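*Asks:* My questions are about this predicted structure, shown below with the sequence.
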Amino acid sequence: MKPSCLSPCIPEPVVAGLSAPESPHPAKSLLDIFHAALTRVNGQNVVQTTLPSLIGTEEPVKLVAIGKAAMAMTRGALNVLGEQIRAGLVITKSGHGGLFDANLPIRVWESAHPVPDASSLEAGALLLDFLHARPDCIGNKKFLFLISGGASSLVECLPEQVTLADLQRVNAWLLGSGLEIHHMNRIRKCLSRIKGGRLMTHLGGVPATALLLSDVPGDHPGTIGSGLLVSEEAQALPETLPGWLHVLLAQTPPWPRPEDTLSPHVDLHVVGRNTDALRAAGERAAALGFPVRKADGTLAGDAVEQGRLLADELLRGEPGIYLWGGETTVTLPPSPGKGGRNQSLALAAAREIQGRDDLFILAAGTDGSDGPGSWAGALVDGKTIARGRRAGLDPEISLLQADAQTFLTASKDLLQTGPTGTNVMDMVIGLRQPSRIKRLDTGRAAWTRMGNCSAPLQGKLGHESLCQGFAPNPARALPWT
């Protein structure tokens, strides 16, 4: 028997300084588009869609959900499997948890992110105890794993040579190093007894099905959550590691051989990706009447530099919606301020578009968080810089100090969603409106061109109009990748 259906909770994005004007504000279209993207890749939705074809209707399972989207993914599994789930363990970020029906045999544990702490080690111990337990009512049937971004910090079992202080020092350094996520997780695997496929040694020969939400470029299961269930050969580490980290890595156990970690069968399925979110955003933008242009490739590199480049694309482009997806990096100074990579990207973009009343840029994490604090990112426009300067702040200094959040707080451009139930990297949505023009009292139709927007106009002097350029035009839209 299944429990009464649990509905997905997908929060509406809110911008600090955006009130509810009588006429629709252009920025609200960006919030609408972002919300459509979050809905498409919500953990509950993707699990409910995928799971029925993977597990039989009478097959009992033990559920393990780890990551920022663990609660949402578990709700999806409950809606599909109901009492087939004989026991469950949910490990998620502090503040992302909640309660299930008291009659459901599911334990929820909240732990630390982005820097692990003692609760992460307790989560690791709980996980191993849960996997080793073999109650008669379950038998050796099947494990169901639901894994999403954040798992690398939320759960850990350390080798004897590595202390919690070591782990925290490594993760704090990684977060400010500017390294790409593949390199970061490669280092994390070396310092773990469960990552890099090592968790498979604890399955006791029981087959497993794993559904994963990808928060990494390329969507490789071995990188998502540092590859708890994916065994792979040791790979070269970055050459730019500090000396103390080389010393620590030299003390860790050797990389496991694939034959040491094999389970009878681990069936892996990536059920949500950044490209899925971008596609949903494009579909919603087209439904609202915008031409849609999606960049080829994945957004990566320094957040400040990418903010400048993306704003330049918007400045040179035609009217419509522009979509980018991926994950940038930030190299932190010795004493950084507040704000994450999306806030840095947004502030850098705001410098480039200042003074323009036709450009808007939203940059946000799909998980609802962007660095320390409760903000998902920011939505900036041509007046962002002026608003921040009126509060006595300098955008250049804020970016150098990795303190974009202080500036964007003053300019009232921070974006908040709360936990979204997903995590598929970041999204940047740009809007270029047609330029505002005056109608010409010529007694006949006239062509007026401003910027890249042109349209035939008729009317009397003093009336204002917008170029009509927002009907979807597939011929001009960049191809989906």
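*Replies:* Sure, I can see it. Just so it is clear, the model here is predicted, and its values are computed rather than measured.

*Asks:* Could you use CA atoms for every contact and neighbour count after this?
*Replies:* Will do.

*Asks:* and the helix or strand encompassing residue 110, average pLDDT?
*Replies:* Using DSSP states H and E, residue 110 sits in strand 106-111. Average pLDDT, strand 106-111: 95.

*Asks:* Which neighbouring elements make contact with that strand?
*Replies:* strand 85-93, helix 118-132 (3 or more C-alpha pairs under 8 Å, 6 or more residues apart in numbering; DSSP states H and E).

*Asks:* got TSV for these, with mean pLDDT, distance to residue 64 and mean neighbour count too?
*Replies:* Formatted as TSV, the helices and strands packed on strand 106-111 follow (pLDDT from 0 to 100; distance: least, C-alpha to C-alpha, whole Å; neighbours: other C-alpha atoms under 10 Å):
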stretch	mean pLDDT	distance to residue 64	mean neighbour count
strand 85-93	95	5	23
helix 118-132	96	8	18
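
*Asks:* Save these as JSON lines, and put in distance to residue 369 too.
*Replies:* Converted to JSON lines, those look like this (distance: least, C-alpha to C-alpha, whole Å):
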{"stretch": "strand 85-93", "distance to residue 369": "11"}
{"stretch": "helix 118-132", "distance to residue 369": "19"}
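
*Asks:* before we move on, the earlier item: render the CA-only coordinates of the strand holding residue 110 in PDB, please.
*Replies:* Output of strand 106-111 as PDB, limited to C-alpha atoms (Å, rounded to 0.1, in the frame of the first residue of the first chain):
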ATOM      1  CA  ILE A 106      12.700   6.300   7.600                       C
ATOM      2  CA  ARG A 107      15.400   8.200   9.600                       C
ATOM      3  CA  VAL A 108      16.400  11.700   8.600                       C
ATOM      4  CA  TRP A 109      19.900  13.000   9.500                       C
ATOM      5  CA  GLU A 110      21.100  16.500   8.900                       C
ATOM      6  CA  SER A 111      24.800  17.300   8.500                       C
END
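
*Asks:* Go through it and flag the buried ones.
*Replies:* Residues 106, 108-111 are the ones in strand 106-111 that count as buried (16 or more other C-alpha atoms under 10 Å).

*Asks:* Would you mind listing the outside residues contacting it?
*Replies:* Strand 106-111 is touched from outside by 87-100, 117, 119-120, 123, 154-155, with contacts defined as C-alpha atoms under 8 Å, 6 or more residues apart in numbering.

*Asks:* can you rerun that using 10 Å?
*Replies:* 62-68, 70-71, 74, 85-100, 117-123, 126, 151, 153-155 (C-alpha atoms under 10 Å, 6 or more residues apart in numbering).

*Asks:* if I look at the residue nearest the centre of the chain, how far off is residue 291?
*Replies:* The residue lying closest to the centre of the chain (C-alpha atoms, centre = their mean) is residue 425, at 3.1 Å. According to C-alpha to C-alpha, to the nearest Å, residue 425 stands 24 Å off from residue 291.

*Asks:* Stretch 345-363 - what's its average pLDDT?
*Replies:* 97.

*Asks:* chain center to that stretch: distance?
*Replies:* Centre-to-centre, stretch 345-363 and its host chain are 21 Å apart (C-alpha atoms, centre = their mean, to the nearest Å).

*Asks:* all helices for the stretch 351-481 of the chain, in order.
*Replies:* 384-390, 395-400, 404-411 (DSSP state H, counting those that start in this stretch).

*Asks:* tell me what the last one is packed against?
*Replies:* Pointing back at helix 404-411 there. In terms of contacts (3 or more C-alpha pairs under 10 Å, 6 or more residues apart in numbering; DSSP states H and E), helix 404-411 is packed against helix 341-353, strand 377-381, helix 384-390, helix 395-400, strand 414-416.

*Asks:* Adding mean neighbour count, write these out as TSV.
*Replies:* As requested, these are exported to TSV (neighbours: other C-alpha atoms under 10 Å):
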stretch	mean neighbour count
helix 341-353	29
strand 377-381	30
helix 384-390	19
helix 395-400	18
strand 414-416	27
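
*Asks:* Give the full set of residues in contact with residue 47.
*Replies:* Contacts of residue 47 by C-alpha under 10 Å, 6+ apart are 41, 72-80, 146, 211-213, 271-272.
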